[in-house]
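Q: take this sequence and fold it.
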Amino acid sequence: MKRFLRRKQLAERYGFSERTIDRMIEDGRLPKPDLVNKRSPLWAEDNLTKHDRAWAASTPHARIGGRLATGR
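A: Got it, this is the predicted structure:
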């Protein structure tokens, strides 16, 4: 079963404010939501991990928040 994260959980995952998460989505550093449940955007955790790993592989020493963007 897929686990989905809300914007607040996404902010906690990366160590940023919710507004910074919005900016990161707008400029492509984070993917757009996988689902929108009423007004709440939801991101599939496994898709975020894939995105983090792809971004880290394409950017040497890539960091999102305070940790390497490897999805670990």
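
Q: beta partners for A44?
A: Beta-bridge pairing for A44 (DSSP bridges): F4.

Q: residues touching it, list them.
A: Under the criterion of Cβ atoms under 8 Å, 6 or more residues apart in numbering, the contact list for A44 reads 2-4, 34-35. Every residue, glycine included, has its C-beta placed from N, CA and C.

Q: now the helices for the chain?
A: Per DSSP state H, the chain carries helices over the ranges 7-14, 18-26, 45-58.

Q: out of those, which is closest to R39?
A: Closest to R39 of those, according to Cβ to Cβ: helix 7-14, at 10.7 Å.

Q: against which helices or strands is that closest one packed?
A: For helix 7-14, the packing partners by 3 or more Cβ pairs under 8 Å, 6 or more residues apart in numbering; DSSP states H and E come out as helix 18-26, strand 40-44.

Q: and of those, who's closest to R53?
A: With Cβ to Cβ as the yardstick, what comes closest out of the helices and strands packed on helix 7-14 is strand 40-44 (14.2 Å).

Q: what residues sit buried inside that closest one?
A: 41-44 (16 or more other Cβ atoms under 10 Å).

Q: alpha carbons of it, as PDB, please.
A: Output in PDB follows, covering the C-alpha atoms of strand 40-44 (Å, rounded to 0.1, in the frame of the first residue of the first chain):
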ATOM      1  CA  SER A  40      -5.100  18.800   0.000                       C
ATOM      2  CA  PRO A  41      -2.200  17.900  -2.300                       C
ATOM      3  CA  LEU A  42      -0.700  14.400  -1.600                       C
ATOM      4  CA  TRP A  43       2.700  13.000  -2.600                       C
ATOM      5  CA  ALA A  44       3.500   9.300  -2.900                       C
END
